[in-house]
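A.B. asks: just coords:
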């Protein structure tokens with residue numbers, strides 16, 4: 001699985017600011033079908049092992065409001081990008097999610113982002129969207 005493939009062009013910068021040594025933990029859902037890990041810019045990624053789909057989401061103050069729906073985010077590497085895409089050059093390497101946890105039976109996740117703890121629950125169903 002390509003977790004942080006968009007960072008290939010940033011390896012020198014990551015090395016120079018010691019981010020190359022960051023360790024992003026992984027967490028599995030209760031059925032081991034989805035893997036979650038953190039990323040820079042307060043993003044976190046989920047990978048469905050059955051469908052091979054992945055999604056990037058953001059932990060932010062806007063997304064932490066009650067009943068807020070998390071919108072998928074996309075990091076682009078080239079010059080061509082869609083309206084909501086984030087350029088790899090604008091990622092904030094000081095905002096990183098190194099610790100994540102998944103409830104063993106419910107679709108509830110906990111995300112530690114710098115000095116904030118976010119808890120998200122999927123009210124729809126237990127599948128990744």
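C.D. replies: Noted; the coordinates are in hand. Treat the numbers as computed from the prediction; the structure is a model and nothing was measured.
A.B. asks: hey, let's count contacts and neighbours off CA atoms from now on
C.D. replies: Fine.
A.B. asks: so residue 113 bridges to which residues?
C.D. replies: Per DSSP bridges, the residues bridged to residue 113 are residue 97, residue 116.
A.B. asks: what residues are up against the spatially closest residue to residue 101 that is not a sequence neighbour?
C.D. replies: Among residues not flanking residue 101 along the chain, residue 110 sits closest, at 5.1 Å (CA to CA, 6 or more residues apart in numbering). Residues near residue 110 by CA atoms under 8 Å, 6 or more residues apart in numbering: 100, 101, 102, 117, 118, 119, 120.
A.B. asks: centre of the protein to the edge, which residue is at the far end?
C.D. replies: residue 16 (23.0 Å; CA atoms, centre = their mean).
A.B. asks: ramachandran coordinates for that one?
C.D. replies: Residue 16 has phi and psi values of phi -60, psi -30 when expressed as degrees, to the nearest 10.
A.B. asks: tell me the confidence at it?
C.D. replies: The model reports residue 16 with a pLDDT of 83.
A.B. asks: quick one on the thing from earlier: keep only those of the contacts of residue 110 that are in strands.
C.D. replies: Among the contacts of residue 110, DSSP state E puts 100, 101, 102, 117, 118, 119, 120 in strands.
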